[in-house]
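I'll drop the sequence and a predicted model, then ask my questions.
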Amino acid sequence: MGNSDDTKDKLLLAARETFWRRGYANVGLREVARLAGVDVALISRYFGGKQGLFEATLAGAFDLDAYVSKDVIGDALVSVITQVFSLPIDSEAPADPVMLLVENSADPDVGPAVRAAFEEQYIAPLRTRLGPHVTRAQVDLMTAVLLGAKFGRKSMNLPGLAGASDDEIFAQNLYLVRMALAYPDVK
């Protein structure tokens, strides 16, 4: 790996750790550069600036295929995705895609890019793999259940979720996800 590739990788890692955990608006470029151990001018050189660096962190951020093999479909896919979302957010991990959504999806500067990446990398492949009988509304309900439960457990520290075991959370989430997918889509 060349020096420039190594520098880009360090910047991307530092950007994921800071932008995803604390939000785009709350992080300065000097902080990212300092964490990466590089000169702040290199951000503009390699990414064109703060927004370019942030958008580069979105590559593969929500990639469904990175979490679940392409040959897993139907109820098995629902179960695996529910299991992944039911795991607690690792407070020691440098970056978590759910925290990326929580901290950045409503940001006026980068929110549209976050939502587009989520749609392209997660929602569209999920709809395809679940099949034509599953509607957009059902997939959106499933996603809202999983994100809401994860947020309630970690960020809100809701006692019924925060105090539950991973197995209990999985069982609760799977029940709710199956209900969301069975919801009649009324236009």
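Alright, I've got the coordinates.

can you pull the buried residues of the helix or strand of the chain with the lowest mean pLDDT?
Within the chain, confidence by mean pLDDT, DSSP states H and E is lowest for helix 64-67 among all helices and strands, at a mean of 85. By neighbour count on 16 or more other C-beta atoms under 10 Å, the buried set for helix 64-67 is Leu64. From N, CA and C alone the C-beta is placed, and that goes for glycine too.

neighbouring contacts of that helix?
Under the criterion C-beta atoms under 8 Å, 6 or more residues apart in numbering, residues 60, 80-81, 84, 121-122, 125-126, 129 lie in contact with helix 64-67.

domains of the chain?
Domain segmentation of the chain under automatic domain parsing yields 3-57, 64-182.

distance from the chain centre to the last one, please.
Right, the one you point to is domain 64-182. 8 Å (C-alpha atoms, centre = their mean, to the nearest Å).

what do you get for stretch 5-15?
19 Å.

who touches that stretch?
By C-beta under 8 Å, 6+ apart, stretch 5-15 touches 1, 32-33, 35-38, 42-43, 46-47, 53-54, 56-57, 94.

most neighbours among these, which one is it?
Most neighbours among the contacts of stretch 5-15, by other C-beta atoms under 10 Å: Thr57, with 27 neighbours.

which of the contacts of stretch 5-15 lies closest to Ala113?
Phe54 (7.6 Å; C-beta to C-beta).

before we move on, the earlier item: which of the domains of the chain has the lowest average pLDDT?
Lowest mean pLDDT of the domains of the chain: domain 64-182, a mean of 89.

what about that one, start to end distance?
With C-alpha to C-alpha, to the nearest Å as the measure, domain 64-182 spans 22 Å from end to end.

try stretch 36-55
End-to-end distance (C-alpha to C-alpha), stretch 36-55: 17 Å.

then stretch 153-161?
OK, stretch 153-161 end separation, C-alpha to C-alpha: 5 Å.

same check on stretch 42-62?
First-to-last residue span, stretch 42-62, C-alpha to C-alpha: 26 Å.

could you look up the SS state of the nearest residue to Val27 once chain neighbours are set aside?
Closest residue to Val27 apart from its sequence neighbours, by C-beta to C-beta, 6 or more residues apart in numbering: Thr18 at 4.4 Å. Look at Thr18: counting by DSSP: H, G, I helix; E, B strand; the rest coil, its state is helix.

these two touch, right, Thr18 and Arg30?
No. Contact criterion C-beta atoms under 8 Å: Thr18 and Arg30 do not qualify, at 10.9 Å.
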